[in-house]
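S.K.: Sequence below, structure please.
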Amino acid sequence: MISLISKQFLKNWQVWGAILPIFLVSGLIFSTSLTILAAINQTGTSSAVDYGVFLQMPLIIGGIVLGILTNNAMKQCIDLFDESNDILLLLGASPWQLSILMTGQLLVVGIMGAVAGSLFSLPAAQIFLAILPEGPTSQGLANLPLEFSGQAVLLASLIQVGLIIFISMRYCLKNYRQQKGGLSAYKSSNRKKFKGAFIGLLGILTSLVVTVLLLIKEAPNPNNTLDYNSSMNDSMSLLLLIWLALIVGMNFLMGPLFKAIVKKVVNLPSISRTPTIRSAFCNLKYNEEGLIKLSRPLVVIILLVGNFIALFLNTKLLIDGGDNSTNLSDLLISLIFLFGAPIIISLANIITSTCLFKIKTKDQAGRYFFSGCTPQWIFNLKVIEIGLAAGISILITFLGTFFFSIPLLRVAALGGGEIFKADWSFNILITFGVFLLFFIFLVFLNFIEKKSTKAYLKTA
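M.R.: Predicted structure coming up:
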């Protein structure tokens with residue numbers, strides 16, 4: 001089995017090289033957090049426990065996001081290995097053996113990424129502490145005795161190994177057992193789709209129920225400080241519940257919503273008047289699984305960060321009636337500690353998913369070319385397809401933002417804030433900005449592919 005794992009790994013090095021960034025970044029984040037925690041424990045100060053709890057958040061949230069996104073990347077990898085795994089199934093390989101084969105290759109690249117990322121943990125920790133805004137917390141952390149720790153490297157590698165084994169073995173066993181010895185082309189995923197849609201609808205339903213509770217909640221009396229603070233704390237807790245429920249809901253509903261919009265537009269009679277756009281939509285429908293895997297982490301991270309900042313600006317700042325430097329400093333610290341790790345991991349996942357998507361669709365562009373399509377026509381088709389995918393993802397993101405805006409404005413109103421002064425500019429900017437970069441990056445890759453095709457024609 002070890003020999004087969006090594007041969008398969010070397011044969012498919014491009015695929016595993018594409019998935020390396022997510023493990024490289026996660027190894028860097030885990031080892032950096034552990035390096036800082038080790039330095040805090042060595043100081044022996046009374047504030048070490050508080051700082052330790054404070055710095056555990058990147059580990060916890062980063063681990064959760066890594067688990068979700070690794071699962072996302074693993075699904076793409078399994079799709080790429082369908083043909084070779086079908087051959088192994090026909091030769092008598094069991095689901096358990098195939099799962100070990102896939103997990104073993106993933107462990108090799110995961111350990112490589114964890115060790116390589118950990119080598120930069122010391123300078124990353126120094127930079128991380130240096131960029132913190134000035135305050136009591138940053139002053140206490142600035143003098144930490146940071147040093148490279150082999151134990152941090154080992155622990156970061158073990159954390160990554162544990163996540164890979166749990167996620168990969170669980171998904172692979174479930175995937176191959178569902179095939180019941182058949183080929184990948186005949187596997188059924190209706191049950192999995194129903195389960196995902198059910199979880200997504202449950203998350204949305206939870207957010208709607210809590211929104212109704214906030215709408216019927218009576219406004220507290222600001223003259224009674226105790227009752228007012230208690231009521232607002234309860235309201236903020238409910239708002240945070242809505243925030244988390246929406247993120248979970250939109251994560252699972254991203255696929256069904258994306259597919260429903262594409263199917264609806266493709267079936268419109270008027271779209272037949274524009275053959276190129278219709279071809280782009282049909283191509284989009286053919287590649288929708290890969291594009292959904294590309295867009296999902298972007299939608300989740302935008303809702304995660306954008307709605308958090310909207311929550312901060314439209315509740316605390318509206319109710320407090322100001323935007324002083326202390327509030328903005330608190331916001332920056334919260335973003336760094338709570339969302340720094342998942343944002344960086346998500347960016348690495350975007351690179352990974354994009355490379356895997358290009359590997360998977362490379363043959364498709366070749367079939368278009370050898371069918372008589374010009375490189376320019378293929379490029380135009382891809383640009384329209386990517387633009388449509390970005391546009392649909394923007395609509396889905398705005399839908400999640402809209403679901404969050406109603407309870408958020410209600411909480412601001414309960415606290416005495418002027419809801420008509422609510423600011424949603426950051427949500428709009430981050431949504432368009434992220435998907436604009438997504439569009440430009442994919443168009444750039446297709447432009448390089450077009451140039452290489454033209455170079456091939458000149459040399460042929």
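
S.K.: Tell me who's in contact with K174.
M.R.: Not one residue lies near K174 by C-beta atoms under 8 Å, 6 or more residues apart in numbering. The C-beta positions use only the backbone N, C-alpha and C, and glycine is treated the same way.

S.K.: following the helix or strand containing it, which helix or strand shows up next?
M.R.: Here K174 sits within helix 150-179, counting by DSSP states H and E. Using DSSP H and E, the helix or strand that directly follows helix 150-179 along the chain is helix 190-216.

S.K.: and that following helix, what other elements does it pack with?
M.R.: Packed against helix 190-216, as judged by 3 or more C-beta pairs under 8 Å, 6 or more residues apart in numbering; DSSP states H and E, are the following elements: helix 225-266, helix 375-414.

S.K.: Go through the ones you listed and name the closest to F23.
M.R.: Closest approach to F23 among these is made by helix 225-266 (21.3 Å; C-beta to C-beta).

S.K.: For the stretch 151-300 of the chain, which residues score under the pLDDT cut-off?
M.R.: 178-194, 272 (pLDDT under 70).

S.K.: dump the residue contacts of E147.
M.R.: T35, A39, L122.

S.K.: show me what contacts the second one?
M.R.: For A39, the contacting residues are A125, L144, P145, L146, E147, taking C-beta under 8 Å, 6+ apart as the criterion.

S.K.: Return the subset of these lying in helices.
M.R.: Of the contacts of A39, the ones assigned to helices by DSSP state H are A125.

S.K.: which of the contacts of A39 count as buried?
M.R.: Among these, those classed as buried by 16 or more other C-beta atoms under 10 Å are A125, L144, L146.

S.K.: Return the closest of those residues with respect to K259.
M.R.: Once C-beta to C-beta is applied, the member of those that ends up nearest K259 is A125, at 43.1 Å.

S.K.: Quickly check the contacts of A39 for the two that are furthest apart.
M.R.: Of all pairs drawn from these, the widest gap by C-beta to C-beta lies between A125 and P145 and measures 11.2 Å.

S.K.: Any idea which residue is closest to the centre of this protein?
M.R.: The centroid of the chain falls nearest to P297 when counting by C-alpha atoms, centre = their mean (2.8 Å).

S.K.: Under a three-state scheme, what state does that residue occupy?
M.R.: The three-state label given to P297 by DSSP: H, G, I helix; E, B strand; the rest coil is helix.

S.K.: My understanding was that it contacts S353; is that so?
M.R.: Yes. Using C-beta atoms under 8 Å, P297 is in contact with S353, at 7.3 Å.

S.K.: still on that earlier bit, looking at the buried ones among the contacts of A39, which is nearest T453?
M.R.: Distances from T453 to the buried ones among the contacts of A39, taken as C-beta to C-beta, are shortest for A125 (45.4 Å).

S.K.: List the residues that contact the closest one.
M.R.: So A125 contacts T32, T35, I36, A39, L146 (C-beta under 8 Å, 6+ apart).

S.K.: now it: how far from V153?
M.R.: Distance, A125 to V153, by C-beta to C-beta, to the nearest Å: 13 Å.

S.K.: just V109 next, same as before
M.R.: Applying C-beta to C-beta, the value for V109 to V153 is 17 Å.

S.K.: likewise K450?
M.R.: Taking C-beta to C-beta as the measure, K450 falls 43 Å from V153.

S.K.: How about A389?
M.R.: Distance of A389 to V153, computed by C-beta to C-beta: 39 Å.

S.K.: So which of these two has more stuff around it?
M.R.: A389 (25 against 21; other C-beta atoms under 10 Å).

S.K.: What's the local residue count around the residue found closest to that one once you drop the neighbours it is linked to in the chain?
M.R.: Nearest residue to A389, sequence neighbours excluded (C-beta to C-beta, 6 or more residues apart in numbering): L291, at 4.6 Å. Neighbourhood size, L291 [other C-beta under 10 Å]: 25.

S.K.: what helix or strand does L291 sit in?
M.R.: Element membership of L291, judged by DSSP H and E, is helix 288-311.

S.K.: Mind giving me the packing neighbours of that helix?
M.R.: helix 48-80, helix 225-266, helix 340-370, helix 375-414, helix 425-459.

S.K.: how about the third one: buried residues?
M.R.: Judged by neighbour count (16+ other C-beta under 10 Å), helix 340-370 contains these buried residues: 340-361, 365, 368-369.

S.K.: Also stretch 244-260?
M.R.: Going by 16+ other C-beta under 10 Å, stretch 244-260 has these buried residues: 245-259.

S.K.: Am I right that T401 is in contact with F426?
M.R.: No. Contact criterion C-beta under 8 Å: T401 and F426 do not qualify, at 10.6 Å.

S.K.: ok, and for the helix holding K174, which residues are buried?
M.R.: Quick answer for helix 150-179 (16+ other C-beta under 10 Å): 152-153, 155-157, 159-160, 163-164, 167-169, 171-173, 175-176, 179.

S.K.: same question, stretch 13-28
M.R.: Of the residues in stretch 13-28, those buried (16+ other C-beta under 10 Å) are 15-16, 18-28.

S.K.: Would you mind giving the orientation angle of the helix holding K174 with respect to helix 190-216?
M.R.: 120 degrees (axes from the mean of the first three to the mean of the last three C-alpha atoms, to 10 degrees).

S.K.: State the distance from T35 to S168.
M.R.: Applying C-beta to C-beta to T35 and S168 gives a distance of 27 Å.

S.K.: wait, F370
M.R.: Plainly put, F370 is 36 Å away from S168 if you go by C-beta to C-beta.

S.K.: likewise N307?
M.R.: 31 Å.

S.K.: do L429 as well
M.R.: 37 Å.

S.K.: cool, S270 as well?
M.R.: Using C-beta to C-beta, S270 is found at 45 Å from S168.

S.K.: I'd say I386 and V443 touch.
M.R.: Yes. Counting by C-beta under 8 Å, I386 touches V443, with 6.2 Å between them.

S.K.: Look at these two and report which has more neighbours.
M.R.: The neighbour comparison of I386 against V443 (other C-beta under 10 Å) goes to I386, with 23 against 15.

S.K.: How about the contacts made by that one?
M.R.: Contact analysis of I386 by C-beta under 8 Å, 6+ apart lists F438, F439, L442, V443, N446.
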